[in-house]
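1. Just need the structure, nothing else, for what follows:
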Amino acid sequence: MHPPRILAALLLLPAAVPRAATLDEVLTRLRAARNSADFTASARLVDVAASGERQSHAITVKAHAFPDGLRIFCDVTNPRVRLLLIAPSTGRIVIRTGHPGDAAPKELPPERWGEGLLGTNFAYEDLIENQSTWRRQTLLPDATYGARTCVVLRSEPGTADQTRYASVTSWLDHDVYSTVMVEKVVKSSGELKHFIYYGLREVRGVWSASQIECKIEGKPGSSLLIINRGSAAPHHTRAAFDPALLTRP
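-> Reported below is the predicted structural model:
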């Protein structure tokens, strides 16, 4: 079985539905998928240098949307580091980190959200994918990406939205609404990041990608999130996202 779209987390995907005709319908479907997230996934986070040399990290991700917001827990091996990402229904986003044996978890300040996780192109914030909740949303004309006709949604943050991005534009498959490509513009530098989704498939009405590639325009190499296996609807409880797990030996 394969998980819905994460991370962060990164892989939450709406179920197959007819094309939405209005902005409100697009947002309703995206937010409904986010608000029903419940999965566990085993993956590899791979950094690919311009030379083709690869450095790989094993990562396990679990996510659950509770009534008061989305929680994502990531456990990375070699080096061992854990992350807890909390995106509440109202209020500020919190990202905490920890290593086994630490005295206490640490909260990652927003100015560090743009740093690459383990040196990859995937930033900490990319694990949350919170753009469908931002204040300014614009439905652009349909466009073609590869062989797919896509609904195109541009999300821009309001003053109260926590993000390092000036805008996020998502290409969603015209027929099933799975994500095909995402373009993110960094506020401070104007840097462009592209996220390309490969191996789209449906399992029990949920569309997911088997691999996500992140490229930064003008920068050689890329980073990959490769999904090895996962399960949808494992029915996580709050205990699975206890901050104490961040430092557990």
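2. Beyond whichever strand or helix holds residue 166, next helix or strand please.
-> Here residue 166, judged by DSSP states H and E, is contained in strand 165-173. Following strand 165-173 in sequence order, the next helix or strand is strand 179-186 (DSSP H and E).
3. could you check the angle strand 165-173 makes with that next one?
-> Comparing the axes of strand 179-186 and strand 165-173 via axes from the mean of the first three to the mean of the last three CA atoms, to 10 degrees yields an angle of 170 degrees.
4. Any stretches of this protein with poor pLDDT?
-> Along the chain, the model assigns pLDDT under 70 to residues 1-21, 203-206, 233.
5. Residue for residue, what is the longest strand it has?
-> strand 54-66 (DSSP state E).
6. how about the residue of the chain positioned farthest from its centre, what does it touch?
-> Of all residues in the chain, residue 103 has its C-alpha farthest from the mean position, at 28.6 Å, by CA atoms, centre = their mean. Counting by CB atoms under 8 Å, 6 or more residues apart in numbering, residue 103 touches residue 247. Bear in mind the C-beta positions are built from the backbone N, C-alpha and C, glycine included.
7. picking up where we left off before, show me how far the longest strand of the chain is from its chain's centre.
-> The chain centre lies 10 Å from the centre of strand 54-66; the measure is CA atoms, centre = their mean, to the nearest Å.
8. Over to stretch 213-230?
-> Counting by CA atoms, centre = their mean, stretch 213-230 is centred 12 Å from the centre of its parent chain.
9. Only the buried residues of that stretch, if you could.
-> 213-216, 221-227, 230 (16 or more other CB atoms under 10 Å).
10. Which ones among these map onto strands?
-> Of these, the ones assigned to strands by DSSP E are 213-216, 222-227, 230.
11. where's the residue farthest from the centre of the chain relative to residue 133, distance?
-> 34 Å (CB to CB, to the nearest Å).
12. Can you report how many residues lie near residue 88?
-> For residue 88, the tally of surrounding residues (other CB atoms under 10 Å) stands at 13.
13. List phi and psi for it.
-> Here is the backbone geometry of residue 88 (degrees, to the nearest 10): phi -70, psi 160.
14. Moving C-terminal from the longest strand of the chain, which element do we reach first?
-> Next along the chain after strand 54-66, taking DSSP H and E as the criterion, comes strand 69-77.
15. Let's see that following strand as CSV, backbone CA atoms only.
-> The C-alpha trace of strand 69-77 is given here as CSV (Å, rounded to 0.1, in the frame of the first residue of the first chain):
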residue,chain,number,x,y,z
GLY,A,69,-4.8,20.8,13.4
LEU,A,70,-2.3,18.6,11.5
ARG,A,71,0.7,16.9,13.1
ILE,A,72,3.6,15.3,11.3
PHE,A,73,6.4,13.3,13.0
CYS,A,74,9.6,12.5,11.1
ASP,A,75,12.3,10.1,12.2
VAL,A,76,15.6,10.2,10.2
THR,A,77,18.4,7.7,10.6
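16. Packing partners of that strand?
-> Where contact means 3 or more CB pairs under 8 Å, 6 or more residues apart in numbering; DSSP states H and E, strand 69-77 is packed against strand 6-7, strand 54-66, strand 81-88.
17. okay, these, which one's buried deepest?
-> Ranked by average neighbour count under the criterion mean count of other CB atoms under 10 Å, the helices and strands packed on strand 69-77 are headed by strand 6-7 at a mean of 28.
18. Look up how far residue 131 lies from the nearest residue to residue 135 once chain neighbours are set aside.
-> Spatially, and ignoring its direct neighbours in sequence, residue 135 is nearest to residue 158 (3.1 Å; CB to CB, 6 or more residues apart in numbering). Distance from residue 158 to residue 131, counting by CB to CB: 12 Å.
19. Repeat that for residue 25.
-> Computed as CB to CB, the residue 25 to residue 131 distance reads 17 Å.
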